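Colleague: Give me a model of this one.
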Amino acid sequence: MHKHNVGGKNLILSILLNILITVAQVVGGLISGSLALLSDALHNFSDVVSLVISYVAHKLSRRKASNTQTFGLKRSELVAAFVNSLTLVVLAIYLSYEAITRFYQPVFIQPGLVIWLSVLGIVANGLSVLLLQKDAGHNLNMKSAYLHLLTDMLASVAVLVGGLMMKYFQLYWVDSLMTLLIAIYLLIVGAGLLKRSTKMLMLFTPEHIDIKEIVREVHKIPGVNKLHHIHVWHLNEEELHLEAHLDCSEDITMTQFTALSIKVEGLLYEKFGINHVNIQPEFHREDPKDFIVQD
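Modeller: Numbers count the residues shown, from 1 in each chain. The predicted structure follows:
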């Protein structure tokens, strides 16, 4: 299984670019008197915080295991993905509220400075999106950061379209419409990411794993009587764990069981991508033999 090496350098660059956008929008908002720009500056500042959370989680996840942290802090990126996806959903609801409100209470501003600052936002956020695009396909934490930035870029496009429409056609409702469409998109992708990160944090069986298929394949190995009491979960996106009881068909020695377990581990890795296996050996033990047993 190929392991994609996710780097944190691109996150640092994205953080710096978003700080630049935030400062520019605060200055522009104060000069133009645009409440919309100041609100967007606050939005970008929240994204800086989200990116910092992603970066810290990325660094923490690389810490080595210890006596007090036997898994290290590998799940920190899942926590960051959960927090960031939750903020995406909250932000989508807030943007929807603002967009609907402005349909009835249009905000009239000087559009010139808004247009130029929206172009700056498109360029800077677009560059940040490109920086994180590759890592987003391999890491849930990076994907949450990527979606924040992609949404910012789309919001800047909406601001640009709204600014042009206000300047040349006095169509002030366009900004609200674009914002509402972006909010709907954000709600869809944010909810999906939130659902996925929640399942991982709650140790749900990964969707691509079929417990019954695992059992069928393991039972084909000579010496296996029954695999049961099974748990399969993601430690993080790179590590898939399985623990189970393995009832042997014969009363074998430890050496023989070691050879048997190596076969089981090889099968689970090659066919299911499970890279950490913990098996408890049994022979005629009186305990529940169901595939899934409540501990």
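Colleague: counting contacts, what elements does the helix or strand harbouring Asn225 pack onto?
Modeller: Using DSSP states H and E, Asn225 falls within strand 224-234. Applying 3 or more C-beta pairs under 8 Å, 6 or more residues apart in numbering; DSSP states H and E, we find strand 224-234 packed against helix 211-218, strand 240-248. Backbone N, C-alpha and C define where each C-beta goes, glycine included.
Colleague: Any buried residues in the helix or strand where Val83 lies, and which?
Modeller: Per DSSP H and E: Val83 is located in helix 76-104. Of all the residues in helix 76-104, those buried under the rule 16 or more other C-beta atoms under 10 Å are 76-89, 91-92, 95-96, 98-99, 102.
Colleague: Quick check: the gap between Leu13 and Met142.
Modeller: 13 Å (C-beta to C-beta, to the nearest Å).
Colleague: more neighbours, those two?
Modeller: Each of Leu13 and Met142 has its neighbours counted (other C-beta atoms under 10 Å); Met142 has more, 27 against 13.
Colleague: That one is in contact with Leu131, isn't it?
Modeller: No - taking contacts as C-beta atoms under 8 Å, Met142 lies outside contact range of Leu131: 10.2 Å.
Colleague: Which parts of the chain are helices?
Modeller: Secondary structure of the chain (DSSP state H): helices at 9-32, 35-60, 76-104, 111-136, 140-168, 173-201, 211-218, 254-272.
Colleague: can you redo the ones you listed as JSON lines with distance to Lys226 and mean pLDDT?
Modeller: Output for the helices of the chain, formatted as JSON lines (distance: least, C-beta to C-beta, whole Å; pLDDT from 0 to 100):
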{"stretch": "helix 9-32", "distance to Lys226": "47", "mean pLDDT": "83"}
{"stretch": "helix 35-60", "distance to Lys226": "40", "mean pLDDT": "77"}
{"stretch": "helix 76-104", "distance to Lys226": "32", "mean pLDDT": "86"}
{"stretch": "helix 111-136", "distance to Lys226": "41", "mean pLDDT": "84"}
{"stretch": "helix 140-168", "distance to Lys226": "34", "mean pLDDT": "82"}
{"stretch": "helix 173-201", "distance to Lys226": "28", "mean pLDDT": "85"}
{"stretch": "helix 211-218", "distance to Lys226": "8", "mean pLDDT": "97"}
{"stretch": "helix 254-272", "distance to Lys226": "13", "mean pLDDT": "97"}
